[in-house]
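Visitor: quick one: sequence plus predicted model below, questions after.
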Amino acid sequence: MRRSWRTGMWIFLALGTALPALGQRQSQTGTMPPIQQGPPTRNPFPSAPGMSPMGSGDPMGTSDVLNHRMAEQQARARNNDRQKRIESDTDKLLGLANELKQQVQGEKQLSPEDVSKRAEEIEKLARSVKDRMKG
């Protein structure tokens, strides 16, 4: 048993030193065919939506998930902020319109400049609310 192991080891060592020398000789004579590469292979494990492809350095795709969550939270915060501003501007708009209505009904002698200034202020605020509601 020991003898066959030693013999196998010698054969392995002899081939190990002889094969590189044979490869150099063949490559010098040009008898070895060039190595051809086939088409790139497709990943048999495609990534799930929202996850990074396999082998991208982040095996769990945690950076993509965290970035996605942060973006969602920021979008929610912006939306809530926008909603609060729309509500406050709408309340202000309603107050200005009611105030103008009371002044026009109560006092018969309002100057046209006062009425037009108030109307312009109401119009600006209404446009602002309209633009915010669009997006």
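Guide: Cool, got the structure. Numbers count the residues shown, from 1 in each chain.
Visitor: what is the burial count for the residue nearest to E99 when sequence neighbours are not counted?
Guide: Leaving out its chain neighbours, the residue that sits closest to E99 by CB to CB, 6 or more residues apart in numbering is R118, at 7.7 Å. Bear in mind the C-beta positions are built from the backbone N, C-alpha and C, glycine included. Using other CB atoms under 10 Å, R118 has 17 neighbouring residues.
Visitor: wait, R118 sits on N98?
Guide: No: judged on CB atoms under 8 Å, R118 makes no contact with N98 at a distance of 11.3 Å.
Visitor: one step back: any idea which helix or strand carries the residue nearest to E99?
Guide: Assigned by DSSP states H and E, R118 belongs to helix 112-134.
Visitor: give me the mean pLDDT for that helix.
Guide: Computed over helix 112-134, the mean pLDDT rounds to 89.
Visitor: from the contact counts, what lies against that helix?
Guide: Using 3 or more CB pairs under 8 Å, 6 or more residues apart in numbering; DSSP states H and E as the contact test, the elements touching helix 112-134 are helix 62-106.
Visitor: any idea how far N80 lies from E87?
Guide: As defined by CB to CB, to the nearest Å, N80 lies at a distance of 11 Å from E87.
Visitor: tell me the pLDDT at G106?
Guide: Looking at G106, its pLDDT is 82.
Visitor: can you count the residues close to it?
Guide: Number of residues near G106 (other CB under 10 Å) recorded here: 8.
Visitor: gap between it and E99?
Guide: Distance of G106 to E99, computed by CB to CB: 11 Å.
Visitor: now do the SS call for the residue nearest to V104 when sequence neighbours are not counted.
Guide: Once flanking residues are discounted, V104 sits nearest to L110: 6.3 Å by CB to CB, 6+ apart. Here L110 takes the coil state, with states given by DSSP: H, G, I helix; E, B strand; the rest coil.
Visitor: thought L110 was touching L100?
Guide: No: if you go by CB under 8 Å, L110 and L100 don't touch, sitting 9.3 Å apart.
Visitor: now do the nearest residue to S128 once chain neighbours are set aside against R118, distance only.
Guide: Nearest non-adjacent residue to S128, counting by CB to CB, 6+ apart: D89, 6.1 Å away. Per CB to CB, D89 is found 16 Å from R118.
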